[in-house]
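Colleague: here are the coordinates; sequence isn't available:
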């Protein structure tokens, strides 16, 4: 075996050990050897290297089954930190997380109707700098910035071609932030970031194939296959909201007609309820808004449906059937173990989700044996910002902890 082969094997072994340490709260050397099929001397050498770099520490003795009790090891979550950013149509959130993705500091700002690309990015830059100032004791130990933004994103270039939710086009996001920060910067699609968080700390730990669906004002999704996010040839996979469910349907801002988002999103549910109530006031929906039809939103419809309002149930049943049609098609294509739903429509719309599951079951009854589970996401409102940070974490773990660079502010806001 050549020297280069040995170096690659040693590197791969270190990456595997570091990932195992990240996943296990505490573990001893012999257990690491058993889980990785490495020899005890190899494990000891790797642990010595990781310990010298502050990535692992001894935390006491374990229970002995005979002989000396084993020394327990623990991943050093405070060795480094990551900044995660969530930008959506309602707010911006900037968090500082440790290596176990636990939030150390969080800063949130509302998005205003008058906001532009410049005003939002400048506000986020200011919040990042504030966090850096508050955590000056961690200087030299912040690995980078991960950002989750809704829309069509090229992660490699850090380029947003179009974000309908934010009404942004042609934004070179990474270039903007490179002028202010030197270090690792990752720009990702927001729903993919949330799916990534579910893989690390949520419902999809140890799940290899799953579909993640985020339904709020719009509909986003992410596909995970063989434990990895699936991007597709043009980095535009997972556009469930733009799957056509009506051949001659409403015109969509994507340029197509009849997209799912126009029939099953929070905005669609509210719009359809308004149209129905304008024709017929005989509904609890009308009473809940005191006759002001323009005040109807998705929550109004949900409340009326919980009280068995006929019109509210009709609106939700229609939306649920469209969603069932689209999701069943994806299930047939990818055969997932798990489907995770997140977003205000899924989390607060218990009646809607029940109707959706009925619609989905009707499409499978009698002809298919697919086994999959449907769950609501972990429930943290920080999953997008934490998920954005996971992309920096993944790079760190993939290097065996030899990341090479840390985040530094650029003097006078001028960078590469």
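Modeller: Yep, that arrived. Nothing here was measured: the structure is a model prediction, and the numbers come from that model. Numbers count the residues shown, from 1 in each chain.
Colleague: tell me how far the residue lying closest to residue 103 once chain neighbours are set aside lies from residue 165.
Modeller: Setting aside the residues directly before and after it, residue 103 is nearest to residue 95 in space (C-beta to C-beta, 6 or more residues apart in numbering), at 5.1 Å. Placement of C-beta: from N, CA and C, glycine included. Going from residue 95 to residue 165 by C-beta to C-beta, to the nearest Å gives 20 Å.
Colleague: more crowded one of these two?
Modeller: Set side by side, residue 95 and residue 165 show unequal neighbour counts under other C-beta atoms under 10 Å, the larger going to residue 95 at 26 against 18.
Colleague: which helices and strands does the helix or strand where that one lies pack with?
Modeller: Taking DSSP states H and E as the definition, one finds residue 95 inside strand 91-98. Taking 3 or more C-beta pairs under 8 Å, 6 or more residues apart in numbering; DSSP states H and E as the contact definition, the neighbouring helices and strands of strand 91-98 are strand 81-87, strand 103-110, helix 117-134, helix 383-398.
Colleague: and these as a markdown table, adding distance to residue 140, mean neighbour count and mean pLDDT?
Modeller: As requested, these are arranged in a markdown table below (distance: least, C-beta to C-beta, whole Å; neighbours: other C-beta atoms under 10 Å; pLDDT from 0 to 100):
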| stretch | distance to residue 140 | mean neighbour count | mean pLDDT |
| --- | --- | --- | --- |
| strand 81-87 | 10 | 28 | 98 |
| strand 103-110 | 16 | 14 | 98 |
| helix 117-134 | 11 | 16 | 98 |
| helix 383-398 | 15 | 25 | 97 |
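Colleague: redo these as TSV? Include distance to residue 69.
Modeller: Compiled in TSV, the helices and strands packed on strand 91-98 are given as follows (distance: least, C-beta to C-beta, whole Å):
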stretch	distance to residue 69
strand 81-87	33
strand 103-110	33
helix 117-134	41
helix 383-398	29
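Colleague: if we compare these, which one ends up closest to residue 253?
Modeller: helix 117-134 (17.6 Å; C-beta to C-beta).
Colleague: now do that closest one and strand 91-98, the angle between them.
Modeller: Regarding helix 117-134 and strand 91-98, their directions subtend 30 degrees when assessed with axes from the mean of the first three to the mean of the last three C-alpha atoms, to 10 degrees.
Colleague: okay, now the sheet partners of the helix or strand following helix 117-134, with direction.
Modeller: Following the chain from helix 117-134 toward its C-terminal end, the next helix or strand by DSSP H and E is strand 142-149. For strand 142-149, the paired strands and their directions (DSSP bridges) are strand 81-87 (parallel), strand 184-189 (parallel).
Colleague: report the buried residues of strand 142-149.
Modeller: 142, 143, 144, 145, 146, 147, 148, 149 (16 or more other C-beta atoms under 10 Å).
Colleague: do stretch 236-247 as well
Modeller: Going by neighbour count (16+ other C-beta under 10 Å), the buried part of stretch 236-247 is 237, 238, 239, 240, 241, 242, 243, 245.
Colleague: and the closest residue to residue 204 other than its chain neighbours, backbone torsions?
Modeller: If you skip the residues right next to it in sequence, residue 204 has residue 198 as its closest partner in space, 4.2 Å away by C-beta to C-beta, 6+ apart. Main-chain dihedrals, residue 198, degrees, to the nearest 10: phi -60, psi -30.
Colleague: could you do the one 3 residues further on as well?
Modeller: Backbone torsions of residue 201, given as degrees, to the nearest 10, read phi -130, psi 10.
Colleague: please apply the same query to residue 44.
Modeller: phi -60, psi -40.
Colleague: which residues sit in contact with it?
Modeller: Under the criterion of C-beta atoms under 8 Å, 6 or more residues apart in numbering, the neighbours of residue 44 are residue 29.
Colleague: for residue 265, see how far away it is.
Modeller: Distance check for residue 44 against residue 265: by C-beta to C-beta, it reads 55 Å.
Colleague: pretty sure residue 222 sits against residue 197.
Modeller: No - with contact taken as C-beta atoms under 8 Å, residue 222 and residue 197 are classed as non-touching, separated by 10.7 Å.
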